[in-house]
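S.K.: here is my input; please provide its structure:
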Amino acid sequence: MSTSTVAEVARWLDAFAPLSLAESWDNVGLLWGDPATEVSRVMTCLTVTPRTAREAIDNRAELIVSHHPVLFRPVKRVRADDRETGMLWDLARAGVSIASPHTAFDNTQGGINDGLAGRLGLLDVGPLRPSPASATFKIVVFAPRESCDSILSAAFAAGAGKIGAYDECSFTSAGQGTFFGTEGSQPTVGQSGRRETVRERRIELVCPSAELTAVLGVIRSVHPYEEPATDVYPLHPGESGQGAGRVGRLVSATTLGKFAEWIGQTLAAPGVQFVGPADRRVERVAIVCGAGDDFIGDAVRCRADVLLTGEARYHRTLEAESVGIGLVVAGHHATERPGVEDLAIRIAAAFPALEVWPSRQETDPIRTID
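M.R.: Prediction:
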């Protein structure tokens with residue numbers, strides 16, 4: 001039976017929920033443990049607590065994938081007799097590692113917010129707060145026809161030519177170039193001291209900003225000319241197609257009161273609260289799992305009729321009331337726990353040799369009165 005390591009599972013998590021999608025204030029990735037540890041059992045959970053830590057240890061899990069970071073605020077000491085850090089001491093002694101995808105998991109395609117949108121059957125779903133695309137450049141280089149393949153191969157290997165799901169994208173066109181080699185020049189084609197006209201190809205390809213220096217370097221290293229003519233143009237970034245939260249529309253419109261009741265049934269969330277008239281028409285729905293009351297302005301901008309989130313502060317409820325948008329508060333646990341269960345299924349599918357389960361001991365600490 002093949003074995004996996006903590007590092008391999010962490011790399012898979014980063015591929016599914018890239019850390020670059022996490023909010024700037026977040027703490028995500030492999031936060032605790034030894035990357036080289038072999039893994040046979042993985043437990044997912046919403047939060048590492050003494051209860052979930054004990055479950056992982058008792059079931060001999062080598063890795064916990066916790067939605068919420070285990071190390072979010074600075075810790076000055078870790079002691080076995082301390083209420084907050086005792087579980088960390090126990091996990092370390094048992095050799096249990098911890099990875100947290102948190103807001104990267106919230107924001108990624110197929111992540112928690114997408115999962116909620118799917119449970120509600122939303123149509124035309126997109127990011128509620130779109131992220132700008134990374135800075136991208138267009139590189140244009142002129143070269144003899146016989147050098148095009150080597151230049152393109154080098155540029156592709158260095159990271160250029162990626163457009164969405166496609167690699168090695170480029171365009172070439174034929175033309176004529178001129179040059180006059182001054183004293184001391186050593187032209188590859190023609191002679192110095194006179195104007196030369198040569199047949200060339202114009203090569204165009206896109207390049208992300210992070211790879212620009214490397215790509216330009218390899219183009220220069222394989223180009224046959226002493227002074228390659230190269231242009232670099234910044235491109236309008238636009239939107240990446242990714243971002244925080246989700247917004248979409250219901251298959252059929254309903255009222256705010258019925259929508260809140262339906263959310264309670266769909267998410268098995270007792271005590272769902274809502275802000276706004278119960279008879280308000282609801283069709284366009286914004287979703288932010290967990291603590292998402294900061295997205296009221298985004299929901300208004302996207303012309304949503306209601307914002308569904310896990311928790312909201314009092315003054316945010318007043319804000320929603322004043323701007324005329326419905327607000328449904330279903331509970332932090334209720335909006336994020338389904339994603340933790342989905343993640344266990346995804347990890348098990350990616351690593352069939354592993355035993356993976358969502359915590360069986362984790363419950364919502366908030367109780368409601370019937």
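S.K.: C-alpha from now on. contacts and neighbour counts both.
M.R.: Noted.
S.K.: wait, a strand at Ala253?
M.R.: Yes - looking at Ala253 with DSSP: H, G, I helix; E, B strand; the rest coil, it is inside a strand.
S.K.: what's the neighbour count on it?
M.R.: Neighbours of Ala253 under the rule other Cα atoms under 10 Å: 12.
S.K.: list the contacts for it?
M.R.: Ala253 is in contact with Arg281, Val282, Glu283, counting by Cα atoms under 8 Å, 6 or more residues apart in numbering.
S.K.: how about the helices in the stretch 151-300 of the chain?
M.R.: Here the stretch 151-300 of the chain has its helices, by DSSP state H, counting those that start in this stretch, at 212-222, 256-266, 296-301.
S.K.: tell me the one among the contacts of Ala253 nearest to Asp34.
M.R.: Using Cα to Cα, Glu283 comes nearest to Asp34 of the contacts of Ala253, at 47.8 Å.
S.K.: what's the pLDDT at that closest one?
M.R.: pLDDT recorded at Glu283 is 98.
S.K.: that one: neighbour count?
M.R.: Around Glu283 there are 20 residues (other Cα under 10 Å).
S.K.: right, and it touches Thr254 too?
M.R.: Yes - the pair Glu283 / Thr254 is scored as a contact, 6.5 Å apart, by Cα atoms under 8 Å.
S.K.: format the helices of the stretch 151-300 of the chain as TSV; extra columns: mean neighbour count.
M.R.: Output for the helices of the stretch 151-300 of the chain, formatted as TSV (neighbours: other Cα atoms under 10 Å):
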stretch	mean neighbour count
helix 212-222	17
helix 256-266	19
helix 296-301	19
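S.K.: okay, those in a markdown table with mean pLDDT next?
M.R.: Shown next, in a markdown table, are the helices of the stretch 151-300 of the chain (pLDDT from 0 to 100):
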| stretch | mean pLDDT |
| --- | --- |
| helix 212-222 | 95 |
| helix 256-266 | 97 |
| helix 296-301 | 97 |
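S.K.: re earlier: and of the contacts of Ala253, the nearest to Asp81?
M.R.: Of the contacts of Ala253, the one sitting nearest to Asp81 (Cα to Cα) turns out to be Val282, at 51.4 Å.
S.K.: if I pick that closest one, what's in contact with it?
M.R.: Ala253, Thr254, Thr255, Leu256, Phe259, Asp305, Val306 are the contacts of Val282 under Cα under 8 Å, 6+ apart.
S.K.: the fifth one and Ser185: what is the separation?
M.R.: Going from Phe259 to Ser185 by Cα to Cα, to the nearest Å gives 75 Å.
S.K.: then the last one?
M.R.: Shown here: Val306 relative to Ser185, a distance of 69 Å by Cα to Cα.
S.K.: between these two, who's got more neighbours?
M.R.: Using other Cα under 10 Å, the more surrounded residue of Val306 and Ser185 is Val306, with 30 against 13.
S.K.: just give the number of residues close to the residue nearest to that one when sequence neighbours are not counted.
M.R.: Nearest residue to Val306 in three dimensions, chain neighbours excluded: Gly326, at 4.1 Å (Cα to Cα, 6 or more residues apart in numbering). Neighbours of Gly326 under the rule other Cα under 10 Å: 29.
S.K.: what's the answer for the one 3 residues further on, then?
M.R.: Using other Cα under 10 Å, Val329 has 28 neighbouring residues.
S.K.: Met43 looks like it's in a helix, true?
M.R.: No - under three-state DSSP, Met43 sits outside any helix and is assigned strand.
S.K.: so it is in contact with Val356, correct?
M.R.: Yes - using Cα under 8 Å, Met43 makes contact with Val356 at a distance of 5.7 Å.
S.K.: contacts only, for Leu343.
M.R.: Leu343 sits in contact with Thr44, where contact means Cα under 8 Å, 6+ apart.
S.K.: which element is it on?
M.R.: Element membership of Leu343, judged by DSSP states H and E, is helix 332-350.
S.K.: show the secondary-structure elements that the following helix or strand past that helix is packed against.
M.R.: Later in the chain than helix 332-350, the nearest helix or strand by DSSP H and E is strand 355-358. Applying 3 or more Cα pairs under 8 Å, 6 or more residues apart in numbering; DSSP states H and E, one finds that strand 355-358 contacts strand 41-45, helix 332-350.
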